[in-house]
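A.B. asks: mind looking at a prediction? Sequence and model below.
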Amino acid sequence: MSSDDIYADQAKHLVDEVIDHAIKRLETSLSLNEREKTFESIRISSEVNSRQSTFVKDQNYEVKNVNWLTIDEFTVEKAEQKINEFIKTWQYENSWQYCIDFLGEDPHDFDARYRFRVRWSIPTRRKPIPRATACVYFSFVVSTIKPKHFPVDVLFVFEGNRLVHKPGESRFREKWLKDIIESKVMMMQMVEF
């Protein structure tokens, strides 16, 4: 058994323990009516997304990527075009709209980091101005010491999350955007003005 398999088994075991612990906490802390609703939603979601599907790789799915810019080719305008090209490889409903904003440049000793925000929303005819948006932040790390023909490092993160993604290494999930918007809408409903 390789070390990757050992880590995957340990991670799976840890996730299973956390889920079991969370269910036990729900059993003891919720009223009967709330408990029935919560366990029904857990049962439905577990049928759709079982624990086993968390670590199973879809052999038929290929994570798409684009050819990113080299250090010599990099400009802010070209970076925006590449972000747009990369987003077109994602699978999402046509109702989503997004805009790309350049946030700024952060110079460092050995590189310059260019930050972009992609703001997502679902405008409708009845509500053309959405109640909430979800943002994805892209960073281009342009080295000042590497040869000019090397590619620029690109990283992106979803608003409210710490997990840093690299293009071509993680599969986009539309649910991530929906979760961000749903949590913002729920928060706004809880705040009284």
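C.D. replies: Structure received. Numbering: from 1, shown residues only.

A.B. asks: around residue 80, how many other residues sit close by?
C.D. replies: As a burial measure, residue 80 scores 17 neighbours (other Cβ atoms under 10 Å). No exception for glycine: its C-beta is placed from N, CA and C like everyone else's.

A.B. asks: sorry, wrong one. I was asking about residue 66.
C.D. replies: Other residues close to residue 66 by other Cβ under 10 Å number 17.

A.B. asks: now for it: which residues touch it?
C.D. replies: The neighbours of residue 66, taking Cβ atoms under 8 Å, 6 or more residues apart in numbering as the test, are 82, 85-86, 89, 167.

A.B. asks: check residue 113 too.
C.D. replies: Neighbours of residue 113 in contact, by Cβ under 8 Å, 6+ apart: 105-106, 139-142.

A.B. asks: can I have the buried ones of those residues as a ChimeraX selection?
C.D. replies: Remark: buried members of the contacts of residue 113, expressed as a ChimeraX selection using 16 or more other Cβ atoms under 10 Å:
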select :139,140,141,142
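
A.B. asks: okay, and which of the contacts of residue 113 map to strands?
C.D. replies: 105-106, 139-142 (DSSP state E).

A.B. asks: out of those residues, the closest to residue 121 would be?
C.D. replies: Residue 121 has its nearest neighbour among those in residue 139, at 22.0 Å by Cβ to Cβ.

A.B. asks: for the closest one, which non-adjacent residue is spatially closest?
C.D. replies: Using Cβ to Cβ, 6 or more residues apart in numbering and skipping residues adjacent in sequence, the residue nearest residue 139 is residue 155, 4.8 Å away.

A.B. asks: wait, the one you found sits on residue 169?
C.D. replies: No: contact between residue 155 and residue 169 fails when scored by Cβ atoms under 8 Å: they sit 10.3 Å apart.
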